[in-house]
Structure formats: C-alpha cells, structure tokens
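> sequence and predicted structure are below.
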Amino acid sequence: MPELPEVETIRRGLAPLVEGRRLERLEIADPRWCAPLAPDELRAAVEGRRVERLDRRGKWLVFDLEDEVALICHLRMTGTLLYDPDPAEPYQRVRFALSGGHELRFCDPRRFGTGELALGATARAAFFAERLGPEPLDPAFDGAALRALARGRRAPVKAFLLDQRRIAGVGNIYADEALFRARVHPLRAAGALSRAQCDALALGVREALEAGLAAGGATIDDFRRPDGVYGAFQHEFLVHTRAGEACPRCGAEIVKLVVAGRGTYVCERCQPRPRRVRRRPSASRAGRSGRP
DNA sequence: CGCCCTGTTGGGGA
DNA sequence: ATCCCCAACAGGGC
C-alpha cells in the first residue's frame, strides 16, 4: 500500500492531530515491530515526550519527539496508522496513547511494519543517509540529477528506480507509471539512458507521484487514511495492473513482465524494448566531447 | 475445500 | 554489483 504518495497523505492527515501532543504511552503488542530492540527500551525512550513534528523521508514516517528522540516507522506493505479507530479493528500491533485522550493504532495484517529509534540528530541523519537517496519531489531532482545517479549503472532502469538508496520513495507501482510517462522500457540499462530520457524520466517520476498525491494516495484498493476512510476515489493507473488492456496513449496491448523480481506493466509500443543486451564494449566509441 | 501463486517493502546472504 | 529468498498473511484462480 504505501509508497511515497500514500505515506505523505498519511503524514499530512496525521500531523495536525499529533503535533504538540504528548506520547504518553506506547503499547507494543508485537515485539517483532521494534526488534531487535526490546519493547521496554523503546518505550523508555519515547514515553512522556511531546511530538514536535511528524515528518517523512521516502516511505518512512518519523515522529520527531522532544530531546531529539526520533521514532522512525515503516508501514511496509500492509501497515496502517489509524486515529481513534474502532476498538475492534483487527490486526492491531501497537497503540500510541496521546495526551488529550486520543490514540493512534498501528494495524498490520502481515506484520512487516517496523518502528525504530534514533537518538540525536546525528543518529537520525545517519539512519537515512545509509538507506535513502534524494527526495524526488525536491525541486533539485531533475534530469541532470537523475542522470548523475544513473551513471555507469547497468542494472535495468526499473531496478534503479526501486533502489531507495538512489531515489527515495518510488515503489513498484509508481516506477511503472513513471517509466510509461517517460516512454522508457523498464529493462533498459539505467546508465544507458539518453539525456532526453533522463529528463523525461525525472519528470515522469515527479508527475506519477504527484498524480498519486492528488488522488489522496488512493492507489491500492486497501489504502486507508488515518481516519480509517478508504480512498475517497481510486486513482487510476495508466499501465500498472492493466495487462491485456489497451494503452491509453496508443491503443496497443499492455503486457506484464517480471523485472527486478516484481510484476511490471508496460506498453511495448510506447516503451520500445532495448534491441539487445550489449555483450562487449564494441570498438566503436561514441566519443563524447567535453568528457572529463 | 484445498493447493498454489502473487503481492504495495526492505534486508540479508549467495 | 546483482539476484534470490524470506518475513506473515490475504485473496484469487483452478
């Protein structure tokens, strides 16, 4: 469920409800959530502290508490954070008791979601530095930036987009959408993209993410906002999960492939497949001028 | 009914 | 650097 637009939608909905409140208690029903840290250790660090700010980096949600204590949460595939939900809500894993009598419940049928601790600004920065590349919605993220990140990479461009250490927050769905918008085949080598393709792809990533945001993160059927409401309306993907349907741009049939181990949807007329995997650096070099 | 496959994520080992 | 598998569960196809 949560890629960048979904997590950001949750953050925006929740921030006004939790910022300024005190995290009075944290009841961890499933120790796996914060493993290998013991639930009591995590609780001791966060309980009683005020939430100064709810932040997001990539697909991570950060409760920035007093004294530079950061509770860093990941919803993984099926996690949800619900505000004052029905007590009978299934799959409850963690309960955040907030001052003012409100509560936040983390529910996650698959139990992949995690909560981690960073003590101090340095530890917080290090946590993300070793996991995440730049934010794709940052104005600095453009074709030139993407080109620099992709340089020399021979892995398929889809694997490149999914690598959080290169670009933060793009998941399987938005990767397909971005590639379709940019008319780039997912199997193409990331480092082999032309300058124009890098420009198109950076724009495609941005537009795909913004389309998801505009839809309130209502991408997958079971996406839920913190108030428990399912997406107000479903965001329609251009290609993702549309195998067998007609490409909205050219009418050719959308096909499903497996790239980087994930289901991948593509219009192979709009996104022409790379001719052939280059086997050896041929003698003919396209000597580029101005190459350092 | 039951088996098999797939899946929105990230980490670890080969 | 890259690929495969795994975590734990739901849901769909057969």
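That came through fine.

> C-alpha only now, for contacts and for neighbours.
Will do.

> of all the residues in the stretch 1-150 of chain A, which one is nearest DNA strand C?
Evaluated by Cα to the nearest atom of the strand, the stretch 1-150 of chain A has residue A:110 as its residue closest to DNA strand C, separated by 4.3 Å.

> give me the three-state assignment for the closest residue to that residue other than its chain neighbours.
Nearest residue to residue A:110 in three dimensions, chain neighbours excluded: residue A:78, at 6.2 Å (Cα to Cα, 6 or more residues apart in numbering). Following DSSP: H, G, I helix; E, B strand; the rest coil, residue A:78 is assigned to coil.

> distance-wise, check the residue nearest to residue A:237 when sequence neighbours are not counted relative to DNA strand C.
Leaving aside its sequence neighbours, residue A:237 sits nearest to residue A:177 (Cα to Cα, 6+ apart; 7.1 Å). As judged by Cα to the nearest atom of the strand, to the nearest Å, residue A:177 and DNA strand C stand 20 Å apart.

> same question for residue A:193.
14 Å.

> could you give the number of residues near that residue?
Counted with other Cα atoms under 10 Å, the neighbours of residue A:193 add up to 18.

> check the one 4 residues further on too.
Residues lying near residue A:197 (other Cα under 10 Å) number 19.

> contact partners for it?
A:182, A:184 (Cα atoms under 8 Å, 6 or more residues apart in numbering).

> then residue A:116?
Contacts for residue A:116 were tallied using Cα under 8 Å, 6+ apart; they are A:34, A:37, A:42, A:71-73.

> can you confirm it is in a strand?
Yes: under three-state DSSP, residue A:116 falls within a strand.

> check what pLDDT it gets.
Reported pLDDT at residue A:116 in the predicted model: 95.

> that older thread, ok, now how distant is the residue nearest to residue A:110 from residue A:111?
According to Cα to Cα, to the nearest Å, residue A:78 and residue A:111 sit 8 Å apart.

> about what we covered before: report whether the residue nearest to residue A:237 is found in a helix, as I expect.
Yes: when three-state DSSP is applied, residue A:177 is found to be in a helix.

> okay, it: pLDDT?
As predicted, residue A:177 sits at a pLDDT of 94.

> count the neighbours of it for me.
Residue A:177 has 24 neighbours, counted by other Cα under 10 Å.

> show me the contacts for it.
Going by Cα under 8 Å, 6+ apart, residue A:177 touches A:204-205, A:208, A:237-240.

> ok so, going back, buried among the contacts of residue A:116? Need that as a selection in ChimeraX.
Command for ChimeraX, covering only those of the contacts of residue A:116 found buried under the criterion 16 or more other Cα atoms under 10 Å:
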select /A:34,42,71,72,73
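
> cross the contacts of residue A:116 against helices and list the overlap.
residue A:42 (DSSP state H).

> of the contacts of residue A:116, closest to residue A:7?
When the contacts of residue A:116 are ranked by distance to residue A:7 (Cα to Cα), residue A:73 comes first, at 10.5 Å.

> not counting its neighbours along the chain, what's nearest the closest one?
Closest residue to residue A:73 apart from its sequence neighbours, by Cα to Cα, 6+ apart: residue A:115 at 4.4 Å.

> gap between residue A:33 and residue A:239?
According to Cα to Cα, residue A:33 and residue A:239 sit 34 Å apart.

> those two: which has the busier surroundings?
residue A:239 (27 against 21).

> by proximity to DNA strand B, which residue of the stretch 51-200 of chain A wins?
residue A:171 (2.9 Å).

> got phi/psi on residue A:108?
phi -160, psi 100 (degrees, to the nearest 10).

> from memory residue A:65 sits against residue A:53, does it?
Yes: contact criterion Cα atoms under 8 Å: residue A:65 and residue A:53 qualify, at 7.0 Å.

> compare the two (neighbour count), which wins?
Just comparing residue A:65 and residue A:53: by other Cα under 10 Å the higher neighbour count belongs to residue A:65, 25 against 18.
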